[in-house]
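Asker: Structure, please.
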Amino acid sequence: MTQSGQEPPENGRRTADVSGNSGTPQEFKGPGRRRRKRRSGQGSKAKAAAQENAAATGSPQRAGPVQAKAVSGTVETSSQPPAQPAAEGATASNPGKRRKKRRRGRSPGQGGHDGAANRNPLSGAEDRDTTPCNDAATSLKGKKAAWRRGRRRRQSVDGAAGGASSETRATPDSGSSRAKPAHAGDPAHTVREPSARDADLRLAKTQEKQPRTNWSSGTRERARNGHHRGSLYAALDLGTNNCRLLIARPEERGFRVVDAYSRIVRLGEGVGSNKRLGDAAMDRAIDALANCHRKLADRGVSRSRLIATEACRAAENGTEFIERVQSETGLALEVVNRETEARLAVAGCASLVDHDADGVILFDIGGGSSEIVWLDLRNRCGARGYALTRFIRSWISLPVGVVNLAERHGGVHVTPDVFEAMVEDAAEHLASFSLASSLTEAISSGKVHMLGTSGTVTTLAGVHLGLKRYDRRRVDGTWLEDGDVGRMIDQLRDMPYEARVENPCIGADRADLVLAGCAILEAIRRRWSCSRLRVADRGLREGILTELMSADGVWTHRRSGNRQDRGRQRNRA
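Answerer: Numbering: from 1, shown residues only. Predicted coordinates:
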């Protein structure tokens, strides 16, 4: 007769009884059957006691059923003498008792801390739950079940360590890999002595549950500057025309915008003629900055960067205005140079760069200046996102924007001649762009596209899409063919001022400035002609947030669970 030593026979099968009794349908193993066998003297305990008595007295056992030894393979009946008794101190071969001890974390024949730890091939960790009995080996199926139970038990203990009041969280510095249960006095609970390997495994599991920060600095929960990954970040851009605020929370791949604010203040109004900020313009800007300060305080922002651009750079009283903002609103503005402004524009729009492009002409048409950046991506080796800031080949900042250009040439009633004068005004400044001939050569390959970030290109995209109401989700990332861009510029140029005011994508705030922006764009297109233009409804604020979060190391390590992290944890164990 051959059958598994641990699985019950098929239901209804009659098995031979070696004692000579008539065979009856074999019962399923269970507590009731074990109790009946103990009462009849045929149980495992009775058999073990009989073997011990026989060994002690040296007399053979009386005739009866031949005992079958439990093994991991098949069970064979024989008339050989019974096996020798187990060594002193070993636990009797009782499957029920083994299972009970495995449930509470201790194998038969193994004291609270005695015995060598076994390696779990499924989880790569030490496991004391799978030590077989001295006289009965566990089947492979039972071992796997024990490994799964042990793994679930360790995970539940690790998860409870984060918030349970009855346990103490283990840290790498404490030298403890597992907290002591609340009912440690109960004999059913056993606590293993921690080892160095356990501490490494515990640290790996803790890092899986904690927010991913820069672990190379030696901290677990915070980035290098002490900010949590769940902290709020803010970026404020006070430009010549707009005051914009963006509050965001970092995520696994990027960030999520929590709050945003934008108001047209025209801070640079009149700066081009008298080189000073006007009182009315400063009052409008301070009122908008006060609203931004309230949003920052209400949201509890812990990390921010507040910048001012061309208007404060060009005005003679720019420093006085910064001090007034500090005293009246409590905000400390930073006046950045043009190179920093160009780099932040690249950082904010880098995610929209075509993955197959060999180069990008990125331009940001602002209120008082316009930045143009050439990204040479022929040797980027798969770099994407923020890493593209390393491939800035050349850049230029034109001292012309929509505000000062409209003030010089007019923006309400723009005739074709006036429009051409604005184009020529902007084109004169492009002559000083370095490496212009190299950029022209790169464009000839056909794998260079434009990337525009400004109110001018977003307005063109909205008009092109025929939006009844401006929708950032549809505009951001839109591709425009070169012919479509030319038609949209001609359409806006021929549109009277009243029609521009009524257009939902332009409005009264931009009706007198949009044609000046179109003139700057037309000058760029005539100098470097690309077949495609991608529209970006993002810019300096997104670049500031990206640089802040990157500097804090919130994206230094990916979430654990990928193949490489699991491999490193197994190797470390």
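
Asker: Mind checking the pLDDT average for the helix or strand hosting Gly543?
Answerer: Taking DSSP states H and E as the definition, one finds Gly543 inside helix 540-552. The predicted model assigns helix 540-552 a mean pLDDT of 92.

Asker: Could you shift the numbering so residue one becomes 76, and keep it that way?
Answerer: With the count now opening at 76, the last piece we talked about shows up as helix 615-627.

Asker: which strands and helices sit next to it?
Answerer: strand 308-313, strand 317-326, strand 329-339, strand 378-383, helix 413-424 (3 or more CB pairs under 8 Å, 6 or more residues apart in numbering; DSSP states H and E). Backbone N, C-alpha and C define where each C-beta goes, glycine included.

Asker: What residues sit buried inside the last one?
Answerer: By neighbour count on 16 or more other CB atoms under 10 Å, the buried set for helix 413-424 is Arg413, Thr415, Glu416, Ala417, Arg418, Leu419, Ala420, Val421, Ala422, Gly423, Cys424.

Asker: That helix vs helix 615-627, what angle?
Answerer: 90 degrees (axes from the mean of the first three to the mean of the last three CA atoms, to 10 degrees).

Asker: Could you do the first one as well?
Answerer: Compare the direction of strand 308-313 with that of helix 615-627 by the same axes, to 10 degrees and you get 140 degrees.

Asker: what about strand 308-313, average pLDDT?
Answerer: Strand 308-313 carries an average pLDDT of 96.

Asker: go on, stretch 229-246?
Answerer: pLDDT averaged over stretch 229-246 gives 52.

Asker: before we move on, back to that, for His488, which of the helices and strands packed on helix 615-627 is the nearest?
Answerer: strand 329-339 (20.8 Å; CB to CB).

Asker: Next, the angle strand 317-326 makes with the closest one.
Answerer: Counting by the same axes, to 10 degrees, strand 329-339 lies at 170 degrees to strand 317-326.

Asker: Flag every buried residue along the helix holding Gly618.
Answerer: Using 16+ other CB under 10 Å as the test for burial, helix 615-627 gives Leu615, Arg616, Glu617, Gly618, Ile619, Leu620, Thr621, Glu622, Leu623, Met624, Ser625, Asp627.

Asker: So, low pLDDT: which residues of the stretch 426-575 of the chain?
Answerer: Along the stretch 426-575 of the chain, the model assigns pLDDT under 70 to no residue.

Asker: Which parts of it are helices?
Answerer: 477-484, 491-505, 511-518, 530-540, 547-550, 557-569, 572-577 (DSSP state H, counting those that start in this stretch).

Asker: Buried residues, the first one. List them.
Answerer: What that stands for is helix 477-484. Quick answer for helix 477-484 (16+ other CB under 10 Å): Val477, Val478, Asn479, Leu480, Ala481, Glu482, His484.

Asker: residues in contact with the third one?
Answerer: Asn479 is in contact with Thr315, Gly343, Val346, Gly347, Gly442, Gly443, counting by CB atoms under 8 Å, 6 or more residues apart in numbering.

Asker: tell me the two of these that are most distant?
Answerer: Gly347 and Gly442, at 10.6 Å, using CB to CB across the contacts of Asn479.

Asker: Now for Ala583: which residues touch it?
Answerer: Val576.

Asker: what does Ile599 give?
Answerer: Contacts of Ile599 (CB under 8 Å, 6+ apart): Ile436, Phe438, Ile447, Ala501, Leu505, Met525.

Asker: Next one: Val400 from Ser519, what distance?
Answerer: 48 Å (CB to CB, to the nearest Å).

Asker: of those two, who's got more company?
Answerer: Each of Val400 and Ser519 has its neighbours counted (other CB atoms under 10 Å); Val400 has more, 23 against 9.

Asker: For that one, identify the helix or strand it belongs to.
Answerer: Judged by DSSP H and E, Val400 forms part of helix 393-404.

Asker: give me the number of residues near Leu542?
Answerer: 15.

Asker: ok, and the closest non-adjacent residue to it?
Answerer: Leaving aside its sequence neighbours, Leu542 sits nearest to Cys580 (CB to CB, 6 or more residues apart in numbering; 5.8 Å).

Asker: still on that earlier bit, mind listing what the helix or strand following the helix holding Val400 pairs with, with the direction of each?
Answerer: Using DSSP H and E, the next helix or strand after helix 393-404 towards the C-terminus is strand 409-410. Next to strand 409-410 in the sheet, as set by DSSP bridges, lie strand 378-383 (parallel).

Asker: quick check: longest helix of this structure.
Answerer: The single longest helix within the chain, with elements called by DSSP state H, is helix 215-238.

Asker: CA atoms of that one as PDB?
Answerer: The C-alpha trace of helix 215-238 is given here as PDB (Å, rounded to 0.1, in the frame of the first residue of the first chain):
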ATOM      1  CA  LEU A 215       7.000  20.100   0.600                       C
ATOM      2  CA  LYS A 216       3.400  21.200   0.600                       C
ATOM      3  CA  GLY A 217       3.500  21.700   4.300                       C
ATOM      4  CA  LYS A 218       6.800  23.500   4.200                       C
ATOM      5  CA  LYS A 219       5.400  26.000   1.600                       C
ATOM      6  CA  ALA A 220       2.400  26.600   3.700                       C
ATOM      7  CA  ALA A 221       4.500  27.200   6.800                       C
ATOM      8  CA  TRP A 222       6.700  29.600   4.800                       C
ATOM      9  CA  ARG A 223       3.600  31.500   3.700                       C
ATOM     10  CA  ARG A 224       2.300  31.700   7.300                       C
ATOM     11  CA  GLY A 225       5.600  32.900   8.600                       C
ATOM     12  CA  ARG A 226       5.800  35.600   5.800                       C
ATOM     13  CA  ARG A 227       2.300  36.800   6.600                       C
ATOM     14  CA  ARG A 228       3.100  36.900  10.300                       C
ATOM     15  CA  ARG A 229       6.200  39.000   9.700                       C
ATOM     16  CA  GLN A 230       4.400  41.400   7.400                       C
ATOM     17  CA  SER A 231       1.600  41.900   9.900                       C
ATOM     18  CA  VAL A 232       4.100  42.500  12.700                       C
ATOM     19  CA  ASP A 233       6.000  45.000  10.500                       C
ATOM     20  CA  GLY A 234       2.800  46.800   9.500                       C
ATOM     21  CA  ALA A 235       1.600  47.000  13.100                       C
ATOM     22  CA  ALA A 236       4.900  48.400  14.200                       C
ATOM     23  CA  GLY A 237       4.100  51.700  12.400                       C
ATOM     24  CA  GLY A 238       1.000  52.700  14.300                       C
END
